[in-house]
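A.B. asks: Build the 3D model from these lines:
(2 chains)
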Protein chains: 2
Amino acid sequence: MQSNPNIVVYFAHLAIEQSVINRRLRDVVCDLPNVDFRDLYERYPDFYIDTAAEQSALRRADLIVFQHPIYWYGAPAIFKHFQDTVLLRGFAYGPGGTALHGKDFLLVASTGAPVEEYGPDGVHRYAFEDLIRPIEQTARFCGMNFLAPLVLHGGHTLPADVIESHALEYRRRLEAYRPAGFR
Amino acid sequence: MQSNPNIVVYFAHLAIEQSVINRRLRDVVCDLPNVDFRDLYERYPDFYIDTAAEQSALRRADLIVFQHPIYWYGAPAIFKHFQDTVLLRGFAYGPGGTALHGKDFLLVASTGAPVEEYGPDGVHRYAFEDLIRPIEQTARFCGMNFLAPLVLHGGHTLPADVIESHALEYRRRLEAYRPAGFR
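C.D. replies: Numbers count the residues shown, from 1 in each chain, chains lettered A, B, ... in the order given. Next comes the predicted model:
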């Protein structure tokens, strides 16, 4: 039996006190015994990310989760800063950069607009999976397995029971997670 | 004749002292009389962006340029923070959010890898234009005209004369720029 935390959840939200969805998603997973939950804006309000500490957290994990709302077709800025300052050459890619090889990666994201707005007939013009190619390809370039994302669309108008069932599905997926060798 | 600056160039680089390409691209345009050149990391090393000042700079411009190297398939993090904290509802989109409507937008980017690495047979797997959809669609959602990007691929290995001719092309495009009504 796996008992130590083997999942790291990175989280960010610019106004968590106003959040409905991401606050609930945070609350249902942050206390799981196998989860190391790391709120990036709380840890690094000045964006001065501790590269060594975060590289250690990544090394310990079998599954790396990025959980956040979608702003401007991507993650909140601190996630990009995390990529720019933690996923360095020699750690995440390039010669000797194999620290993340074989790990699993899961994107847990929410959008304000309904899914119909993502596509050629919608205001956002592209399919959601086309807009998250940079996130997907970052994971792949680091040698990680990009798992099917867990995405909740239409956050501006969802009834409470839909949000709750999505939150419980998220919790269930993290509870049930096993590294590839243990599946 | 247009004499006031009507172009705002936003710029960011994590290590400008080590830059060859972006430093040269900066140097050839930053003193043009019609350019308001704004280095984001220099202005906001703590990421605390002055929203009102930047909204004013954007309002004054006919052409908005984002100039930066590509890190992890996107802009340096401070550009994302700029989007998250300056391109707000009521300014850039939503009810009353028409401040950027009709302006021109130009991406000036450089990549380390050669263009052949962008595509199904390359290490980056997707075409470059597919990876910059979030930048393109951000501009379009704000009602801007997304001009053909000026991209220099293969920065790790380019000869000096190729970089120089690209820099001069960049300068020429900004010198020659006229708003749509004046073309």
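A.B. asks: So stretch A:141-160, near chain B or not?
C.D. replies: Yes: shown here: stretch A:141-160 in contact with chain B (C-beta under 8 Å from any C-beta of the partner chain) through A:Phe141. In short, each C-beta sits where N, CA and C put it, glycine included.
A.B. asks: Could you state which residue of chain A sits nearest its centroid?
C.D. replies: Nearest to the geometric centre of chain A sits A:Phe66, at 1.2 Å (C-alpha atoms, centre = their mean).
A.B. asks: quick one, what contacts that residue?
C.D. replies: A:10, A:75, A:79, A:105-109, A:135 (C-beta atoms under 8 Å, 6 or more residues apart in numbering or on different chains).
A.B. asks: so what's it bridging to?
C.D. replies: As for beta bridges, A:Phe66 partners with A:Tyr10, A:Leu107 under DSSP bridges.
A.B. asks: Next, work out how far apart it and B:His68 are.
C.D. replies: From A:Phe66 across to B:His68, the span is 22 Å (C-beta to C-beta, to the nearest Å).
A.B. asks: same check, this time on A:Pro95
C.D. replies: Applying C-beta to C-beta, the value for A:Pro95 to B:His68 is 25 Å.
A.B. asks: Looking at those two, which has the bigger crowd around it?
C.D. replies: B:His68 (23 against 7; other C-beta atoms under 10 Å in any protein chain shown).
A.B. asks: now the strands for chain A?
C.D. replies: Shown for chain A, the strands assigned by DSSP state E span residues A:7-11, A:35-39, A:63-69, A:104-110, A:145-146, A:150-152.
A.B. asks: interface residues of chain A facing chain B?
C.D. replies: By C-beta under 8 Å from any C-beta, the part of chain A that sits against chain B consists of A:14, A:46-47, A:71-78, A:80-81, A:83-84, A:87, A:123-126, A:130-131, A:133-134, A:137-138, A:140-141.
A.B. asks: quick revisit: would you check how far apart the residue nearest to the centre of chain A and chain B are?
C.D. replies: Here the distance between A:Phe66 and chain B works out to 12 Å (C-beta to the nearest C-beta, to the nearest Å).
A.B. asks: Which elements pack onto the longest helix anywhere in chain A?
C.D. replies: What stands out as the longest helix in chain A, according to DSSP state H, is helix A:160-176. Here helix A:160-176 is seen to pack against helix A:21-29, strand A:150-152 when contacts are counted using 3 or more C-beta pairs under 8 Å, 6 or more residues apart in numbering or on different chains; DSSP states H and E.
A.B. asks: Looking at these, which is nearest to A:Ser165?
C.D. replies: In this view, the helices and strands packed on helix A:160-176 are compared for proximity to A:Ser165 by C-beta to C-beta, and strand A:150-152 is the closest at 10.1 Å.
A.B. asks: could you say what helices and strands that closest one packs with?
C.D. replies: The criterion is 3+ C-beta pairs under 8 Å, 6+ apart, and the helices and strands that strand A:150-152 contacts are strand A:104-110, helix A:160-176.
A.B. asks: that older thread, please identify, among the contacts of A:Phe66, the one with the most neighbours.
C.D. replies: Of those, with other C-beta under 10 Å as the count, A:Ala75 tops at 29 neighbours.
A.B. asks: ok, so what distance separates that one from A:Asp84?
C.D. replies: In this structure, A:Ala75 and A:Asp84 are separated by 12 Å, where distance is defined by C-beta to C-beta.
A.B. asks: so what's the residue nearest to A:Arg89 when sequence neighbours are not counted up against?
C.D. replies: What sits nearest to A:Arg89 in space, not counting adjacent residues and going by C-beta to C-beta, 6 or more residues apart in numbering or on different chains, is A:Gly97, at 5.9 Å. By C-beta under 8 Å, 6+ apart, the contact list for A:Gly97 reads A:88-91, A:142.
A.B. asks: So what does A:Gly97 have for phi and psi?
C.D. replies: When read as degrees, to the nearest 10, the backbone of A:Gly97 gives phi -90, psi 70.
A.B. asks: roughly how far apart are it and A:Gln83?
C.D. replies: In this structure, A:Gly97 and A:Gln83 are separated by 14 Å, where distance is defined by C-beta to C-beta.
A.B. asks: pLDDT weak spots in chain A?
C.D. replies: Along chain A, the parts satisfying pLDDT under 70 run over A:1-5, A:181-183.
A.B. asks: Centroid-wise, who is the farthest residue in chain A?
C.D. replies: Largest separation from the mean C-alpha position in chain A: A:Asp121, at 27.7 Å (C-alpha atoms, centre = their mean).
A.B. asks: Now do the same contact list for A:Ala109.
C.D. replies: Under the contact definition (C-beta under 8 Å, 6+ apart), the residues listed for A:Ala109 are A:66-70, A:75, A:132, A:149-152.
A.B. asks: sorry, back to before: so of the residues of chain A next to chain B, which ones are in helices?
C.D. replies: Using DSSP H, the residues of chain A next to chain B in helices are A:77-78, A:80-81, A:83-84, A:130-131, A:133-134, A:137-138, A:140-141.
A.B. asks: Which one (most neighbours) among those?
C.D. replies: By neighbour count, taken as other C-beta under 10 Å, the most surrounded of those turns out to be A:Ala77 (28 neighbours).
A.B. asks: That residue: what's it in contact with?
C.D. replies: B:47, B:77-78, B:80-81, B:83-84.
A.B. asks: can you check A:Pro179 too?
C.D. replies: Contact criterion C-beta under 8 Å, 6+ apart gives A:2, A:6, A:62-63, A:104 as the residues in contact with A:Pro179.
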